[in-house]
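K.L.:
fold the following.
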Amino acid sequence: MDKIQQLYDRLDAGLHGHYSEWNKLSADVLVSLSRQITAIRDAHEYLTEAHDFEPSEVDYLLSLDDPLQAVANKWMERIGDLSDFSFAMDELFRCKNTPTKKSALAQLHEKAAAVPSVPGEKSTSKLKKEEVR
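P.N.:
Next comes the predicted model:
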């Protein structure tokens, strides 16, 4: 088995170990651990689906007792600083006066409402326009 596969197997085993521990906990405790749970799940997803490993990175992570927890801990250090929320809030407030674009689903619903349900029948939107004239 190659080293990258060994790493993936260890990451999967680490995640399953965490799941086993989480399943033993009450809902209240799980809620209080939500940040840690999210960090572990995000770290697993990133490492197994997005990161292109260098051989030295694989070797280093394999040398750790729990590579998934180690990466999750570093990630939590980064996201633990709530000052980054100010960037999100600034972006939100910049958009407050910008007209919101209708979702694709809302646009489809509007188009569907304008299409006649019976062939040859005028759509309700066309009828309203003709009534106005």
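K.L.:
next, name the residue at the spatial heart of this protein.
P.N.:
residue 42 (8.7 Å; C-alpha atoms, centre = their mean).
K.L.:
work out for me the element that residue sits within.
P.N.:
Using DSSP states H and E, residue 42 sits within helix 34-45.
K.L.:
after that helix, next one along is what?
P.N.:
The C-terminal neighbour of helix 34-45 among helices and strands, as given by DSSP H and E, is helix 55-63.
K.L.:
mind giving me the packing neighbours of that following helix?
P.N.:
Judged by 3 or more C-beta pairs under 8 Å, 6 or more residues apart in numbering; DSSP states H and E, helix 55-63 is in contact with helix 3-23, helix 67-79. All C-beta spots, glycine's among them, are computed from the backbone N, C-alpha and C.
K.L.:
for residue 37, find the nearest of the ones you listed.
P.N.:
helix 3-23 (6.6 Å; C-beta to C-beta).
K.L.:
mind saving the C-alpha coords of the helix or strand immediately after the closest one in the chain as CSV?
P.N.:
Per DSSP H and E, the first helix or strand lying C-terminal to helix 3-23 is helix 27-32. In CSV, the C-alpha atoms belonging to helix 27-32 read as follows (Å, rounded to 0.1, in the frame of the first residue of the first chain):
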residue,chain,number,x,y,z
ALA,A,27,-27.3,16.5,22.4
ASP,A,28,-26.3,19.2,24.8
VAL,A,29,-22.7,18.1,24.8
LEU,A,30,-22.7,17.8,21.0
VAL,A,31,-23.9,21.3,20.7
SER,A,32,-21.2,22.6,22.9
